[in-house]
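> I would like the atomic coordinates for the input below:
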Amino acid sequence: MIRTRILASAVTFSLLSFSATSAYAGWFKKPATANIQVPEPSHGAQVPQAIPFDPYAPSVPVPALPSVESQLSRIAAQRVALGDTHNGKTMLIEERRQDLSGVDACAGIPGQKNFLNSIEGAVRMGVVDRQIESNEFIDPAYGLPGTANSQPVSLLSNPLCIQDASQIAAILTPNFVPNAQVIAQLKTFSEASNADRKRALAGDTLALASFTMRMTQMMGCLSYEESLQTPEDDEVEDAFKSSVANMPEATRFFQDGAGVARRPRGVLFAEDRHGDFYNKLRAARANGSFTPELLNTLKQAYKPWPVVGVYQFNPKGGNTGPCVDQWNKMVDNPACKIEGSSPAAVMRALASPGQTFNTFCGVQKIVQAFNSQVNTNFLNGPKIVDGETLNTVGVDPSNIVNGVLKAPKDRCVSLVARSGYGNIYSHFGPLRNSVKDNLGKLIKCVSNLR
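Sure, this is the predicted structure:
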């Protein structure tokens, strides 16, 4: 049902011109002397005399590696040399000849013309280390010390964990572990990303370009698993009308010259429900017990909520709050800021024609998941979930040595995560393997790109 290739056309923009209010983190090369072993002199050889320390002697300058930000500024517009044909559609690379105003204008992407442009721009912003905004709902639940006391995190700050089935089971629970082929494909993706990361942090700009391209492709595949390959046009229009009707204060943002509210072309609206709704439907169809009456019963038990755009965010949902806070922290122009207390203003940003904020928030959800793992201080010990004893520590098990969490800078991070079970903040269903085959579809798509 789902095709397995996303090909990306030429991306024609350069680095986003955000003006960040927080300092960018760079990586600097330290002298490689701390762990050098000095050989013992052979018998009869003269022992070299130590040179006395002179506090006034001129120090030898250590050349600094270029920061990731400066490397990005030297990377030409990426050209993903494949084409977007996922599920027979080309949603990411279709040109959007619309008024790119509001948050789209604030992003300042030269020549922006499609959603893939916005995804790559969001990834480029996501590879620069920053203290990640969380909130009072996230911090206690995931053992986080608060933004001001956190180590800066990015897509690039920590390596991906190389995981086997037991490690994934500790995070997702055994019931949601994918098959061996998916685990192998996930391992290949993680190893390739880590290799590019290591070279990028050593100053290799081409490796950084490769890393950002791979993450852009992964986020492109994720956009199809989240939204782009599912709804039909009439369903989208119905969901748009329902969303506007339920949020009349947002209507003015979508009105044309005649005062008619129109959906920005290509921007998807839908309704979502709790994952158990879909799991129970799937089980009923598999065992032959599905009936229209069961469907109605499930719809009554699991009420829908509106979701908008490439990554299907709820404008009234709390999970967009940290994205709004991060965006507002990074932009200086008051006209660019989003009023997070106004669902209508959030709706306008999430449904922008260029999908700049929607894709920004999508990438931030990955960064926020990494932040949860890098900065958590949880070491909770075992608890029983679904009849299984799990060690809910908020990190991949490889980050625990002799019962102690590694330092934040030394931890690896897991792409797969399941909130409330592995105690790792997680937003996207495919990365939770929420319906038990969507992680496989995502990784198969990514694996077929290179």
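> does Glu271 count as helix, strand or coil?
strand (DSSP: H, G, I helix; E, B strand; the rest coil).
> so how many other residues sit close to it?
Applying other C-beta atoms under 10 Å, we find 16 residues neighbouring Glu271. C-betas here are computed from N, CA, C, even on glycine.
> Give me the nearest residue to it, chain neighbours excluded.
Distances taken as C-beta to C-beta, 6 or more residues apart in numbering place Pro304 nearest to Glu271, at 3.8 Å, with adjacent residues excluded.
> Quick check, the one you found in contact with His274.
No. At 9.5 Å, Pro304 and His274 do not qualify as touching, with contact defined as C-beta atoms under 8 Å.
> List the residues that contact the residue nearest to Glu271.
Applying C-beta atoms under 8 Å, 6 or more residues apart in numbering to Pro304 gives the contacts 271-273.
> again, but for Phe378
Contacts for Phe378 (C-beta under 8 Å, 6+ apart) come out as 142-143, 392-395, 423.
> mind redoing it with 10 Å?
Applying C-beta atoms under 10 Å, 6 or more residues apart in numbering, one finds that Phe378 lies in contact with 141-144, 372, 392-395, 405, 423-424.
> tell me the phi and psi of it?
Per-residue torsions, Phe378: phi -70, psi 130 (degrees, to the nearest 10).
> excluding its backbone neighbours, what's nearest it?
Using C-beta to C-beta, 6+ apart, the nearest residue to Phe378 is Gly143, at 3.5 Å.
> Give the burial count for the one you found, as a bare number.
18.
> doesn't Gly394 make contact with it?
Yes. Gly143 lies in contact with Gly394 (C-beta atoms under 10 Å); the separation is 5.8 Å.
> any shared contact partners between those two?
Applying C-beta under 10 Å, 6+ apart, one finds that Gly143 and Gly394 are jointly contacted by 372, 375-380, 405, 423.
> Which two among these are spaced furthest apart?
Within these, Asn375 and Asn380 form the most distant pair, 15.6 Å apart (C-beta to C-beta).
> More neighbours: which of those two?
Neighbour count, other C-beta under 10 Å: between Asn375 and Asn380, Asn375 has more, with 25 against 12.
> where does the more buried one land on pLDDT?
At Asn375, the model reports a pLDDT of 95.
> List the contacts of the spatially closest residue to it that is not a sequence neighbour.
Using C-beta to C-beta, 6+ apart and skipping residues adjacent in sequence, the residue nearest Asn375 is Ser150, 4.5 Å away. Counting by C-beta under 10 Å, 6+ apart, Ser150 touches 130-134, 139, 144, 371, 374-375, 408.
> what do you get if the cut-off is 8 Å, keeping everything else the same?
Neighbouring residues of Ser150 by C-beta under 8 Å, 6+ apart: 131-132, 134, 144, 371, 374-375.
> Could you pull up phi and psi at the residue nearest to Glu271?
Pro304 adopts backbone torsions of phi -80, psi 160, taken as degrees, to the nearest 10.
> ok, now Trp305?
Note on Trp305: its backbone torsions stand at phi -140, psi 150 [degrees, to the nearest 10].
> just checking, it touches Gly317?
Yes. Using C-beta under 8 Å, Trp305 is in contact with Gly317, at 7.2 Å.
> Show me the helices in the chain, by range?
Along the chain, counting by DSSP state H, helices occupy 68-74, 103-107, 115-126, 165-172, 180-201, 205-223, 233-246, 275-287, 292-301, 321-330, 343-350, 356-375, 429-432, 438-447.
> Poorly predicted segments of the stretch 301-450 of the chain, please.
Scanning the stretch 301-450 of the chain for pLDDT under 70 picks out 380-392, 420-422, 449-450.
> picking that back up, okay, the contacts of Pro304 in a markdown table with pLDDT and distance to Gly340 next?
Converted to a markdown table, these look like this (pLDDT from 0 to 100; distance: C-beta to C-beta, whole Å):
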| residue | pLDDT | distance to Gly340 |
| --- | --- | --- |
| Glu271 | 79 | 23 |
| Asp272 | 79 | 21 |
| Arg273 | 80 | 25 |
